[in-house]
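> What follows is a predicted structure for the sequence shown.
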Amino acid sequence: MCSNFFGKSYRNQNGALRSFKEQHRVTQEMIEAKFGYNADSFTEYDYVELINIFNSLRDGVSMIEDWFNKEIAKNQSSGLGADFQAQSDSKIGVKSDAPNDIPIEQPELPLE
């Protein structure tokens, strides 16, 4: 039963976390907040509890809000906005008084 959910062993945490993300929209940060420590430190007991939570959600016995704090996911940022801002700030702009030596139009080439 347990090995079917996570793959070949309890230590296949990527499969477990990915299953929660894909099927229930529960992030790793939400799971870590529930257990109170990093997913790298999860024990077999933690994985068994995680399986029970997953099965409860899958069967409709409980809701995500019963187990996880959804505010953690809302407060979490991907960092893309900050990266975009940093890139746009670091771009070198063209000076308005720069000479325009590049021809805009090209003459037609003869067909010979």
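Now that the structure is in, tell me what you want to look at. Numbers count the residues shown, from 1 in each chain.
> What segments of the protein are strands?
Along the chain, counting by DSSP state E, no stretch forms strands.
> ok, how many other residues are close to residue 16?
Using other Cβ atoms under 10 Å as the criterion, residue 16 is surrounded by 23 other residues. In short, each C-beta sits where N, CA and C put it, glycine included.
> Verify the contact between residue 72 and residue 28 for me.
No - checked against Cβ atoms under 8 Å, the pair residue 72 and residue 28 is beyond contact range at 10.2 Å.
> any shared contact partners between the two?
Common neighbours of residue 72 and residue 28, counting by Cβ atoms under 8 Å, 6 or more residues apart in numbering, are absent.
> Burial check on residue 17, number of neighbours?
As a burial measure, residue 17 scores 19 neighbours (other Cβ under 10 Å).
> and what of residue 53?
Here the count is done by other Cβ under 10 Å, and residue 53 has 20 residues near it.
> can you map out the helices along the chain?
Under the criterion DSSP state H, helices of the chain are mapped to 2-6, 13-24, 28-35, 44-58, 64-67, 70-75, 80-90.
> Could I have the CA atoms of the fifth one written out in CSV?
C-alpha atoms of helix 64-67 as CSV (Å, rounded to 0.1, in the frame of the first residue of the first chain):
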residue,chain,number,x,y,z
ILE,A,64,-7.0,20.5,2.5
GLU,A,65,-7.9,23.2,5.0
ASP,A,66,-8.2,20.5,7.7
TRP,A,67,-4.5,19.6,7.3
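> Give me the contacts around it.
When contacts are defined by Cβ under 8 Å, 6+ apart, helix 64-67 is touched by residues 24, 25, 26, 34, 53, 56, 57, 70.
> Leaving out the residues flanking it, which one is nearest to the third one?
Ranked by Cβ to Cβ, 6 or more residues apart in numbering and with sequence neighbours excluded, the top spatial neighbour of residue 26 is residue 20, at 4.2 Å.
> For that neighbour, give me its contacts.
Residue 20 makes contact with 26, 27, 31, 50, 54 under the criterion Cβ under 8 Å, 6+ apart.
> Any buried residues in stretch 52-66, and which?
Of all the residues in stretch 52-66, those buried under the rule 16 or more other Cβ atoms under 10 Å are 53, 54, 57, 64.
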